[in-house]
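> here's a sequence, model it:
(2 chains)
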Amino acid sequence: QKEVEQNSGPLSVPEGAIASLNCTYSDRGSQSFFWYRQYSGKSPELIMSIYSNGDKEDGRFTAQLNKASQYVSLLIRDSQPSDSATYLCAVPNTGGFKTIFGAGTRLFVKA
Amino acid sequence: EAQVTQNPRYLITVTGKKLTVTCSQNMNHEYMSWYRQDPGLGLRQIYYSMNVEVTDKGDVPEGYKVSRKEKRNFPLILESPSPNQTSLYFCASSLSQGIRTEAFFGQGTRLTVV
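Sure, this is the predicted structure:
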């Protein structure tokens, strides 16, 4: 079992729809969770972080965390073609010395 | 402007010819790390450094070396590159190694070993 797992996609949604991206992790001691967006040929950039169970909203983005189920998700409301990218889930290990990245989910938003 | 700078951006080299990829950050970050990114495998950590003269192996350190003589610089050295080291490499820095610190990434170095 991979330490951080994501559906590789591609996930295709029409413009204006909600895109739902999922991530599961294996380290029960993990306490923080990050979502990075990576455009093709570019470097990853942080879009959301979440540390507590529940939802965290920032503009069109909502991160959801369920530590009991070891599950974290990212919702993108009103999806735009500019949201088309690969989304990486990142989970620092217990102690925070290493960060494990998922393989990423490719999202396509169709105009 | 706060940034992480990698050089070169693109490199084609031959098997066995030593090379160095440089990484420099201007944010006074303590923590720096190197990743490689391969299709279907995501970002895998090669080495990380918690501060000057403090480095440790990540998940895929074989064939790589690093050094941290100054806080701002963290070069990645391939003593004898092989074709399986063809990849996209990213350097990243964080304020510290704490669990709540985000990583800032360099622009990436696309390495091809023939």
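
> going forward, measure contacts and count neighbours with C-alpha atoms only.
Fine.

> can you list the residues of chain A near chain B?
For chain A, the residues found near chain B under the criterion CA under 8 Å from any CA of the partner chain are A:8, A:31-32, A:34, A:42-46, A:92-93, A:95-104.

> remind me which residues of chain B are low pLDDT?
Where chain B drops to pLDDT under 70, the residues are B:97-100.

> circling back to that earlier point, could you flag which of the residues of chain A next to chain B are buried?
When neighbours are counted using 16 or more other CA atoms under 10 Å in any protein chain shown, the residues of chain A next to chain B contain these buried positions: A:8, A:31-32, A:34, A:43-46, A:92-93, A:96-104.

> looking at those, which are in strands?
A:34, A:45-46, A:92, A:99-101 (DSSP state E).

> and residue 11, what are its phi and psi?
Reading this off chain A. Main-chain torsions, A:Leu11, degrees, to the nearest 10: phi -100, psi 120.

> spit out the contact partners of residue 102.
I went with chain A, as the question did not name one. A:3-6, A:23, A:88-90, B:41-43 (CA atoms under 8 Å, 6 or more residues apart in numbering or on different chains).

> oops, chain B please
Applying CA under 8 Å, 6+ apart, we find B:Glu102 in contact with A:34, A:46, B:94-95.

> for the residue in chain A that chain B sits nearest to, give me its contacts.
In chain A, no residue comes nearer to chain B than A:Ala103, which is 3.7 Å away by CA to the nearest CA. Applying CA under 8 Å, 6+ apart, we find A:Ala103 in contact with A:5-6, A:8, A:88-89, B:40-43.
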